[in-house]
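1. Quick one, fold the following:
(chains A and B)
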There are 2 protein chains.
Amino acid sequence: MPESTVGRPLRADAQRNRLKVLAAAERVLAKDGSAASMREIARQAGVGLATIYRQFPTKEALYEAVVVERVRRLLDHAHAAAHATDPGDAFFTFFTFAVTETTGEKALVDSLAVAGLDPKAGTAPMHRDLEKATGVLLRRAQAAGAVRAEVGMAEVLALITAMCLAADRQHWDEQLRTRSLTVVFDGLRPQLRP
Amino acid sequence: MPESTVGRPLRADAQRNRLKVLAAAERVLAKDGSAASMREIARQAGVGLATIYRQFPTKEALYEAVVVERVRRLLDHAHAAAHATDPGDAFFTFFTFAVTETTGEKALVDSLAVAGLDPKAGTAPMHRDLEKATGVLLRRAQAAGAVRAEVGMAEVLALITAMCLAADRQHWDEQLRTRSLTVVFDGLRPQLRP
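-> Here you go, the predicted structure:
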């Protein structure tokens, strides 16, 4: 019978395996979408199927953990960026990171929805933290004159969402992502008309 | 038995009913999503259920017709805009029109996908025409100096898609749409840095 890991920290090797499985799951999901197989995830993680099922009893439990891990990573990035010496660069780098990190999001969300799970249920409080952290980055960038003062949080979040959705849906390569973000970032920066 | 209407034009009253049904279907879909009922669509169109089923034997046939009608409307707009006297205004107005028109798109696409239909199957050639027409508007706007010369079609289409997806997914109201598009449009316009 698998040991319960609820309520106490994982042992170091279990924690290492967990991170390897999550990373492999992200790669496989990005490539195979909702057709991703647990066997392939185990193979890429270099662990046995039993090891995965010990921590993630179902595919959906694994997918939920991937979603949580992504939001946590974004949140870590945002918190670290709040102390950067160049607030403009910190804001635009975070925006880019959010869009880059979204690859495979739709496959994840669809897989969870098919299983009747709300993909946001586990991350709603983290999303609120993420909005707060994004707000800090925006205000710092505006105070530094790197983002126009009249731009509000609502449209910044709307634009991040828009770019994330399209990047994922259309499988933007790095060049298209850079070119599209350049337009949005130029629109956010203070400017003089010719 | 319903008369076949394949291969010959609809009578004027049938054509009027068809347009009323399509308009009602769009309204109901935008409000109720995939839970939209044919009965409610008939009520709002002011026609009987039998009238709808005569032209659209299934809900999916109706949804496909709504998708085609939307793309046709966008295409008509793009073709007309190609002759506008202000090419910059024509380009940005078309971009805004595309985003405004997308409301309810996800519900439609999801409903068709659930029925195992490819929502793009019927509109692929129209989408190619639409890209071509968007290219004409972009080049005219660039020639007039209203859009930066270095902006390419790829990122313009990527940005239109991005804004359409987010507007639909997040139910943007007019204010959020305007504020978000303002940022993108400013990024597309020629600019001097302060």
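
2. Contact partners for the most centrally placed residue in chain A?
-> Nearest to the centroid of the C-alpha atoms of chain A, with distances taken as CA atoms, centre = their mean, sits residue A:70, at 3.8 Å. Taking CB atoms under 8 Å, 6 or more residues apart in numbering or on different chains as the contact definition, residue A:70 lies against A:26, A:101, A:105. Quick note: C-beta positions are derived from backbone N, CA and C, even for glycine.

3. Closest to chain B out of those?
-> Checking the contacts of residue A:70 against chain B by CB to the nearest CB gives residue A:105 as the nearest, at 11.9 Å.

4. Not counting sequence-adjacent ones, nearest residue to whichever residue of chain A sits closest to chain B?
-> Here chain A gets closest to chain B at one residue, residue A:187, 3.0 Å apart by CB to the nearest CB. The shortest distance from residue A:187 to any non-neighbouring residue, by CB to CB, 6 or more residues apart in numbering or on different chains, is to residue B:187 (3.0 Å).

5. Number of residues surrounding that neighbour?
-> In terms of burial, residue B:187 registers 23 neighbours under the definition other CB atoms under 10 Å in any protein chain shown.

6. Over to it. Which of the three states is it?
-> Three states are possible here, and by DSSP: H, G, I helix; E, B strand; the rest coil the one that applies to residue B:187 is helix.

7. now the helix of greatest length in chain A, how far from the centre of its chain.
-> If each helix of chain A is counted by residues according to DSSP state H, the longest one is helix A:59-81. Relative to its parent chain, helix A:59-81 has a centroid offset of 6 Å by CA atoms, centre = their mean, to the nearest Å.

8. That one: which residues count as buried?
-> Of the residues in helix A:59-81, those scored as buried under the neighbour-count criterion (16 or more other CB atoms under 10 Å in any protein chain shown) are A:59-60, A:62-67, A:69-71, A:74-75, A:77-78, A:81.

9. which one among the residues you listed gets closest to residue A:47?
-> Here the nearest of those to residue A:47, counting by CB to CB, is residue A:62; it sits at 12.3 Å.

10. so the closest one makes contact with residue A:42?
-> No. Shown here, residue A:62 and residue A:42 do not form a contact pair, counting by CB atoms under 8 Å, at 10.6 Å.

11. which intervals of chain A have sub-threshold pLDDT?
-> Within chain A, the stretches falling below the threshold (pLDDT under 70) are A:1-9, A:103-104, A:111-112, A:114-115, A:117, A:119-120, A:192-194.

12. ok, which residues in it are in contact with chain B?
-> Within chain A, the positions near chain B by CB under 8 Å from any CB of the partner chain are A:151-152, A:154-155, A:158-159, A:161-163, A:165-167, A:169-170, A:172, A:176, A:179-180, A:182-194.

13. which of the residues you listed are buried?
-> Buried members of those, counted by 16+ other CB under 10 Å: A:151, A:155, A:158-159, A:161-163, A:165-167, A:170, A:172, A:176, A:179-180, A:183-189, A:191.

14. Show me chain A divided up by domain.
-> Each domain of chain A is listed here as a residue range: A:1-57, A:59-188, per automatic domain parsing.

15. Now tabulate those domains in TSV and tack on distance to residue B:121.
-> Listed next are those as TSV, based on distance: least, CB to CB, whole Å:
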stretch	distance to residue B:121
domain A:1-57	20
domain A:59-188	18
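
16. Name the residues of whichever helix or strand residue A:99 is part of that come out as buried.
-> When elements are assigned from DSSP states H and E, residue A:99 belongs to helix A:87-100. Of the residues in helix A:87-100, those buried under the neighbour-count criterion (16+ other CB under 10 Å) are A:87-88, A:90-92, A:94-95, A:98-99.

17. And stretch A:125-139, by the same measure?
-> Those buried within stretch A:125-139 under the rule 16+ other CB under 10 Å are A:126, A:129-130, A:133-134, A:136-139.

18. Go through the residues you listed and flag which are in strands.
-> When the buried residues of stretch A:125-139 are checked against strands using DSSP state E, none is located there.

19. which two from the residues you listed end up farthest apart in space?
-> Using CB to CB, the pair of the buried residues of stretch A:125-139 lying farthest apart is A:126 and A:139, separated by 20.4 Å.

20. coming back round to it: where do the contact lists of residue A:62 and residue A:42 overlap?
-> Common neighbours of residue A:62 and residue A:42 (criterion: CB under 8 Å, 6+ apart): A:21, A:52.

21. now the helices: where do they sit in chain A?
-> Assignment of helices within chain A using DSSP H yields the ranges A:12-32, A:38-45, A:49-55, A:59-81, A:87-100, A:105-114, A:124-143, A:153-169, A:174-188.
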